[in-house]
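Colleague: sequence and predicted structure below; questions after.
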Number of protein chains: 4
Amino acid sequence: MSANTLGELFRVTNFGESHGPAIGCVIDGCPPGLMLSADDIQHDLDRRRPGTSSVVTQRSEADRVEILSGLYEGLTTGAPIALLIRNTDQRSKDYGNLLDTFRPGHADYSYFRKYGVRDPRGGGRSSARLTAPTVAAGAVARKWLLEHAGVRITGWMSQMGARVIPFEGFEHIANNPFFAANASLIAQLEEDIRALKGDSVGARIEVLATGVPPGWGEPIYDRLDADIAHAMMGLNAVKGVEIGDGFASVAQKGSEHGDEMTPEGFVSNHAGGVLGGVSSGQDIRVSLAIKPTSSISLERRSVTRDGEPTTVVTKGRHDPCVGIRATPIAEALLAIVLMDHALRHRAQCGDVRHTVMPVPARRPG
Amino acid sequence: MSANTLGELFRVTNFGESHGPAIGCVIDGCPPGLMLSADDIQHDLDRRRPGTSSVVTQRSEADRVEILSGLYEGLTTGAPIALLIRNTDQRSKDYGNLLDTFRPGHADYSYFRKYGVRDPRGGGRSSARLTAPTVAAGAVARKWLLEHAGVRITGWMSQMGARVIPFEGFEHIANNPFFAANASLIAQLEEDIRALKGDSVGARIEVLATGVPPGWGEPIYDRLDADIAHAMMGLNAVKGVEIGDGFASVAQKGSEHGDEMTPEGFVSNHAGGVLGGVSSGQDIRVSLAIKPTSSISLERRSVTRDGEPTTVVTKGRHDPCVGIRATPIAEALLAIVLMDHALRHRAQCGDVRHTVMPVPARRPG
Amino acid sequence: MSANTLGELFRVTNFGESHGPAIGCVIDGCPPGLMLSADDIQHDLDRRRPGTSSVVTQRSEADRVEILSGLYEGLTTGAPIALLIRNTDQRSKDYGNLLDTFRPGHADYSYFRKYGVRDPRGGGRSSARLTAPTVAAGAVARKWLLEHAGVRITGWMSQMGARVIPFEGFEHIANNPFFAANASLIAQLEEDIRALKGDSVGARIEVLATGVPPGWGEPIYDRLDADIAHAMMGLNAVKGVEIGDGFASVAQKGSEHGDEMTPEGFVSNHAGGVLGGVSSGQDIRVSLAIKPTSSISLERRSVTRDGEPTTVVTKGRHDPCVGIRATPIAEALLAIVLMDHALRHRAQCGDVRHTVMPVPARRPG
Amino acid sequence: MSANTLGELFRVTNFGESHGPAIGCVIDGCPPGLMLSADDIQHDLDRRRPGTSSVVTQRSEADRVEILSGLYEGLTTGAPIALLIRNTDQRSKDYGNLLDTFRPGHADYSYFRKYGVRDPRGGGRSSARLTAPTVAAGAVARKWLLEHAGVRITGWMSQMGARVIPFEGFEHIANNPFFAANASLIAQLEEDIRALKGDSVGARIEVLATGVPPGWGEPIYDRLDADIAHAMMGLNAVKGVEIGDGFASVAQKGSEHGDEMTPEGFVSNHAGGVLGGVSSGQDIRVSLAIKPTSSISLERRSVTRDGEPTTVVTKGRHDPCVGIRATPIAEALLAIVLMDHALRHRAQCGDVRHTVMPVPARRPG
C-alpha cells in the first residue's frame, strides 16, 4: 500500500512531476494472460486529457503512453507493467515566482514543511497531472475486471457548484465535456463556467460499478468501502466520500435504510453494494465531493517563506472546475480498488464452495 | 496494511468474535519508553463500553483489558503490546436462529458468500464489539501523541437522526451519554430514543485533532486524509466521511474555499487541516455519517440460505443508535492514523531542517 | 511483512516475552473451512517444548495453547486465529543481575542500544521461547498444506558440533531427542552433550518439503528461496542458510549443477526445488547453520552499561545445543513460507491454464 | 514488501525484461535533501556492466541511466525517483528456439508453469540483466548511508570454482575484472576461465559493511540478518547466505563463537555484526554462494513443452562465471537493506536516548 503505491496485490507505483521529463507508473501483480495494448490504455487517458474542450485547462499534452515491460506478444506475462508518459508542454516559467510563496488551498506550504525542499514547477509532485498514470493503470484493471468478472464502471458529474445536474441517462455522458448524464443542461453548464471569470467551483461526482460479485472486501479494517474511501479521498481536491446513501443515512430510520431481500433480489440499495465491508452483489455506489480549483486568478492573501505577508494571483493554465476531469480518474481508482480486492479475495477464499444462494442484484427503477 | 491490521508502522492487529472467549489486539511498532498502564487504556474503553446508560445496548461487559506483553517496569520496550479482553456476557442463544437467514443491513449475507462459513453468534467477526480493541489501541496512540507532539483529539455527536445538535462547548461532551457538545438538548435526545420503539436512527459525528504539526501525510496515495478516510469508512456503519468542509465544498467558489494565510495565521480552515494530503498545522476536522442500527425489532423481509423468502425480527440487545458509541471509536481511529503518520514522517523526513516559517494554526471564532 | 509479522497473505504476528504473563500469535489470512483444533497445534508444540529430555533445557513449560478466535464449530472462518500460551515456569530471579551487563553472543547489548530500554528477564523478547508461537502457527499452515496441496515437511539434524550424523532413514527422527535421522549414533550424541560440561555446540539442520507444486514464488525479489532464507535466518542462532547444494555449488561446474530433465523427471536436484525463485515441483531442500548456544556457564569477558569491564557466567536453565529444538521450528517456518506463497500464487495466477506438461519430481536414489 | 518491490520504507520497484525496450526501477521513500546526479549512479552501473572484459558476457549495453523524477535542482525532493535504462543490444533471435524447451538450471520451466505464458527472449524477466536497476537503486542508498551514517560497503570474490582467492588487500579489488582482493592470482583466474571451454563455474562472494551503528534491525522476524538473507538469496544464482562465521559456526563451541566485549571493544566478530537480529556496531559480514552459470554451450538433456525428450545447447553471450559480476550487485543489495533499516529504526526509535555506552567496533587484526 504505501505512499506512492496503491493496492496490496494489484499494486500501482506512481512517479513523476508536473513539469519533469516524464510521468508514469509500474503495475505489479497483474495476472498473466490478459491481452493488452497501448490503445486499451490510451482511450481512458484521452478522456482525462487536458486541452480537449473550452471548459478545461488549455495545457496541451498528447499523453501518449508507452508500455515498457510486462507484455509478450500482446499478453501480460505476470511481470511488472511499466507505463511511461513523456511531458511535452511544460511551461515552468509560469510558476517560477511561486518558489517563495504559498498558494492558498495548494500543497505548497504543507509540502515545504514536510520535505524541506520542493519542486514548485506546476505544483511538482502535488499536481493533478499525476492522476494520468493512475488513469492508465485503471484502464488495465478495468479490462481485466470486465473480461474476468463482468464488472463495468461508470462515472458522471451530478452537481457543479450549486447547480444539481439531473440524471437523464448513461448515454449522455460521453456526449458532453462535463461527463454529465444529461443532455438538456449542457449549455447552462458552459455558461456557468464562463460566469466564473477567474474564480472556480466545486463538483459532485458519482461512480457506479455493476457486476461486482458478492464477497470482495477484507474486514475488519480493509473493508471494500474503506479501501474505496482511501483511494477516492487520496484523489486531488476530494473532500468527501460517500458509499450508498452516505450522509443521507444520518436522518434515516433503520426500517428505511436496511435493504430487504426477497428471492427476486434486494428491494433497495441504500447500502451502495457493501455490507459489513464486503460486496453484496448489488451495484457499488460511490459519491465524491470535489473542492473548487485552488488555482484562481483572483488576488489572495498569503505569506512568503520568511513569514512576510504577500498576495498571490495564480497564473498558468487551469481547470475552472477540477471536478470535470475527475470523473475518469474516479472510475480508474474504483477499478484499481476492485481489481486489488478481486485478487485478495481469490488469495484467501479461492477454494470456497458457496453453499448460499445468491441474492440477485436489482437496480430499483 | 491488510485485512485485520491497521497502520503501516504503528500496526494494530485485531482478533476475536462477539461471542467467542476473548477479543483483543496486538500493537506492533510502538516506540519504546512510553509509560503505560492498563488504566490508561481502561479509561477510553469505559467510554465505549455497552450498558452504561439507558440509550445504549444493555449487554453487560466489564471490558477489562489485560496487557500481555510489551512492557517492562511500566515502560513500553518496543516489543509488541498484546491486549486481551475476555468476553463475559455472551448470550449466543439469542442469535441461534440466525444461522440460516440474513438480517437486512447486516454482514450476514456478504460474509457467508465470501467465506462459505460464518460465526453467527452476535454477528461474530462483523460485530461492533470488535471496535473495543481498536479503542484500546487508540488509547496507546493517544498517550504518545499527547506526550510527544501535544496532539489532542476530541469527538462529539452533531446530529442524531433528523435532529441537529448545536455545538455549545467541549465541556458538555463528558456530561451526557450522547457525547453531545451540548447541555440543553439532552432530554430531547433521550425522548427521541424512546420514540424509536424498536426502530433505529443514524448519526453524524465530528472529530477534531489539535496540535498536529505540519508535515504528516504520505502523498500521493497515502495522504493523511486518505488514510483517515480509510480508517473511518472501515468503522462499522459508517457510510460517509468528510474532511474540512466536505460536501459543502461542492457549492463553494475557489475564492471562498481556499484558506488564505497571513503572518497571524490561516484566516479560515475550510481544508480541515490537510493540504495536498499533508497536515498544514491547522486543526484536523473529520465528519462521519453513521447509518441507523441494522438490528431492529420490526419485522423485515429476508431470504434463507436456500433462497426461500422469510422474515426477520432481530432480538437480542442492541443500540438504538450505533452512532452514540461511535464517538470514542472515531477518536481512537484518528489517533491510530495520526500516530502511524507521525512515525512514517519521522522515517523519511526525520532529519529535515525546516527553512520555512510556520504559519500559526488559528481556530476561527 | 514487518518486524513481528511473518508473511504477506498468511500473516503471523508474534507477541510476548520469555518471562511475561503469556506469549502467542495472531494468524491472519488463513483460508476458511479448515478443520482445526488445539490438538492439531499441540502436537507440534510438544515436539519443540523444553524439558522433555536430558539434552535440552530443564525449564518446565506445559505450553498449552488456547485458541481465542477464528473458529466456529471446529472450522476456520477466515477471521484471525489468535493463539495464547501462558508462561508458567518463569524464574526471573535467575536473570535479575543481567540488567546491567551484556552476555556475549546475546542480544542484550544490541537491544539496549536500539530501544534504550529492555526486558532482561530470560532474554525478554529476544528469547528462543518466542519460537513457540511460530511453531503453533506453523502447525496451522502445515495442516492446510497437507490437505490442500499434499505438501509434507520434515526436518532433521545432520550435524552436531563437529560430528556429522549420517542419514539412515526418516523413521528414526521421532525416536530420539536429537531429531536425528539415525539410530546408531544416539548414545554417542548423548555422550557429546555430556562432554560439553557447561560449554555449548552448534548444529546443522536439514528441512525437506515434498509435494510442492511448480509455480510458487514471487520473483524477482520475493522468490521462494529468498523468503525461505528470510524466515530461516530470522530464527534465533541461525548464521547460514542453503537451498539445494548451497555452498557446495561454488566448486561445481554448470554441467554438474544444472538439473537435467527427461520425460521421467528431473535427473538430479542440485537446485533444491527452486528455479529462478519459483518452485519446480521437486523437493524443496533447505539447510541451516545454527551457532552454539550463547548461554554457557564458563566465565566470559564483558562490559557493564557504563562501559566498565566485567565478567559474565550465565546461570539459569539452557540448551547445550539450541540446534536440537530448532528442527520443529525450522519445519514450522518452512510451512508458513510455503503457505504464504500458495496464497500469493493463487492471488495472481489462480486462473492460469497450464499448457506445459509437468516434469515429475524424482528423488534421486 | 512484495514480488518486485524490495524494502519496506526505502522501496525499490523493479521493472523490465532482458530484451524489452527498457529496464528500470522506482525508488520510493528516499529522504529529501540528498544531492544526487546520474553520475552518482552510473559509476556503480559501470562496475556491473557487461562487455567490459574478456571474462564476462560480450553483450554490449551502455547502461546509461536517466533520472525521470524525484529531483529538483540536484536534490531529492522525497518524491519517487524513477530510473530508466534503455536496452540497446537485444538479439532476441539468439533465443527464439527456446520458447518450446527448458534450459536446465534456468527459470524457463518454473516460470512457464507459474504464469502460463513467458517472455523467452534472453530469459525475459528472469534474466540477470534485471539486476542493473537494483544496482542503480543501491547507488542511491549507498550515497545516503555514507553521508548520513558513515557506512561503507565493499564486496569481493573469495573463491571461483575450486580455487580459493586469498585476501591480500582492499586496494586490489578495483584493479582486476574478478573483484578479487588479490593481485597475485589474476592471471591464474583468467586461465581458469579459459579452461572452462563452454562450461561454467560457481563463486563465493564476501560483502562487508563498516560504520553501521548499533540498533538497526527489526526483530523478531525482520531481523537485519533475515532481511539481508532475503535480499541476497533473491539474487539470481545465489544458493547460500552466511552471516559472520556462517556454516563454520556448526562445529564451534559457545566459548569460541560468542564475541567477548571489553572497554576497548569486541574481541572478535564471529557474529558478523548482528546480535539477536540487531546490528551491534561491528562490521556486517556476509558471504554468498553463487552457482555456476546455467547457460553453457555443452549439450544437456531437457524436455519440450509437450513433455517430449530433447537436448539443449545454450547459445548467445553468457558469463562463464556469473559470480564475477555479482559483487557490485551484492553490495547494492546490502546498501538497500541497510538504508531500509536505517529508516525503519528511525521511525520507531528516532527519539531513544541511549543510556548505554557504545562498545567500539574492532576489526581483529
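Modeller: Good, I have the coordinates.
Colleague: could you check the angle helix C:323-349 makes with the longest helix seen in chain A?
Modeller: Assignment by DSSP state H gives helix A:322-349 as the longest helix of chain A. Relative orientation of helix A:322-349 versus helix C:323-349 (axes from the mean of the first three to the mean of the last three Cα atoms, to 10 degrees): 130 degrees.
Colleague: pLDDT on helix A:322-349, on average?
Modeller: The average pLDDT within helix A:322-349 is 97.
Colleague: can you check stretch A:77-89 too?
Modeller: 94.
Colleague: gap between the two ends of it?
Modeller: This stretch, stretch A:77-89, spans 33 Å end to end (Cα to Cα, to the nearest Å).
Colleague: and the longest helix of chain A, what does it pack onto?
Modeller: The contact analysis (3 or more Cβ pairs under 8 Å, 6 or more residues apart in numbering or on different chains; DSSP states H and E) places helix A:322-349 against helix A:38-48, helix A:131-149, strand A:152-160, strand A:203-210, helix A:224-233, strand A:284-290, helix B:108-115, helix C:323-349. All C-beta spots, glycine's among them, are computed from the backbone N, C-alpha and C.
Colleague: okay, these in a markdown table with mean neighbour count next?
Modeller: Output for the helices and strands packed on helix A:322-349, formatted as a markdown table (neighbours: other Cβ atoms under 10 Å in any protein chain shown):
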| stretch | mean neighbour count |
| --- | --- |
| helix A:38-48 | 18 |
| helix A:131-149 | 24 |
| strand A:152-160 | 22 |
| strand A:203-210 | 23 |
| helix A:224-233 | 30 |
| strand A:284-290 | 27 |
| helix B:108-115 | 28 |
| helix C:323-349 | 27 |
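Colleague: got a markdown table for those, with distance to residue B:293 too?
Modeller: Listed next are those as a markdown table, based on distance: least, Cβ to Cβ, whole Å:
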| stretch | distance to residue B:293 |
| --- | --- |
| helix A:38-48 | 40 |
| helix A:131-149 | 32 |
| strand A:152-160 | 29 |
| strand A:203-210 | 27 |
| helix A:224-233 | 18 |
| strand A:284-290 | 21 |
| helix B:108-115 | 15 |
| helix C:323-349 | 35 |
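Colleague: how close does the residue of the stretch 101-250 of chain A at minimum distance from chain B sit to residue C:12?
Modeller: Chain B sits closest to residue A:107 of the stretch 101-250 of chain A, with a gap of 2.3 Å, by Cβ to the nearest Cβ. Distance, residue A:107 to residue C:12, using Cβ to Cβ, to the nearest Å: 39 Å.
Colleague: before we move on, what about residue A:59?
Modeller: 50 Å.
Colleague: so those two - more neighbours on which side?
Modeller: Counted by other Cβ atoms under 10 Å in any protein chain shown, residue A:59 and residue C:12 do not tie: residue C:12 has more neighbours, with 30 against 21.
Colleague: which residues does residue A:281 contact?
Modeller: A:212-214, A:273, A:358-361, B:113 (Cβ atoms under 8 Å, 6 or more residues apart in numbering or on different chains).
Colleague: okay if I get those residues as a markdown table plus pLDDT?
Modeller: Below are the contacts of residue A:281 laid out as a markdown table (pLDDT from 0 to 100):
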| residue | pLDDT |
| --- | --- |
| A:212 | 97 |
| A:213 | 96 |
| A:214 | 96 |
| A:273 | 97 |
| A:358 | 77 |
| A:359 | 82 |
| A:360 | 82 |
| A:361 | 78 |
| B:113 | 93 |
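Colleague: what's the spacing between residue A:115 and chain D?
Modeller: To chain D, residue A:115 is 4 Å away according to Cβ to the nearest Cβ, to the nearest Å.
Colleague: touching, that residue and residue D:32? I think so.
Modeller: Yes - between residue A:115 and residue D:32 there is a contact at 4.1 Å, judged by Cβ atoms under 8 Å.
Colleague: mutual contacts of the two, please.
Modeller: What both residue A:115 and residue D:32 touch, as defined by Cβ under 8 Å, 6+ apart, is the set B:349, B:352, D:77-78.
Colleague: who wins on neighbours among these?
Modeller: residue D:78 leads the shared contacts of residue A:115 and residue D:32 on contacts (other Cβ under 10 Å) with 28 neighbours.
Colleague: so who does the residue lying closest to residue A:86 once chain neighbours are set aside touch?
Modeller: Using Cβ to Cβ, 6 or more residues apart in numbering or on different chains and skipping residues adjacent in sequence, the residue nearest residue A:86 is residue A:22, 4.9 Å away. Residues near residue A:22 by Cβ under 8 Å, 6+ apart: A:16, A:84-87, D:68-69, D:82.
Colleague: redo that, cut-off 7 Å
Modeller: Residues in contact with residue A:22 (Cβ atoms under 7 Å, 6 or more residues apart in numbering or on different chains) are A:16, A:84-87, D:68.
Colleague: cool, residue A:344 as well?
Modeller: A:8-9, A:218, C:347.
Colleague: pull out the buried members of these.
Modeller: A:8-9, A:218, C:347 (16 or more other Cβ atoms under 10 Å in any protein chain shown).
Colleague: please pick the buried ones from the contacts of residue A:281.
Modeller: A:212-214, A:273, A:359, A:361, B:113.
Colleague: want to try TSV for these, with secondary structure and distance to chain D as columns?
Modeller: Below are those laid out as TSV (DSSP: H, G, I helix; E, B strand; the rest coil; distance: Cβ to the nearest Cβ, whole Å):
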residue	secondary structure	distance to chain D
A:212	coil	25
A:213	coil	23
A:214	coil	27
A:273	coil	28
A:359	coil	34
A:361	coil	32
B:113	helix	27
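Colleague: just the closest of the residues you listed to residue B:52, please.
Modeller: Minimum separation from residue B:52 among the buried ones among the contacts of residue A:281 (Cβ to Cβ) is found for residue A:273, which lies at 34.6 Å.
Colleague: and the longest helix of chain A with strand A:152-160, angle?
Modeller: Calculated by the same axes, to 10 degrees, helix A:322-349 forms an angle of 150 degrees with strand A:152-160.
Colleague: now helix A:322-349, how far from the chain's geometric center?
Modeller: When distances are taken as Cα atoms, centre = their mean, to the nearest Å, helix A:322-349 is centred 9 Å away from the chain's centroid.
Colleague: no more questions from me, cheers.
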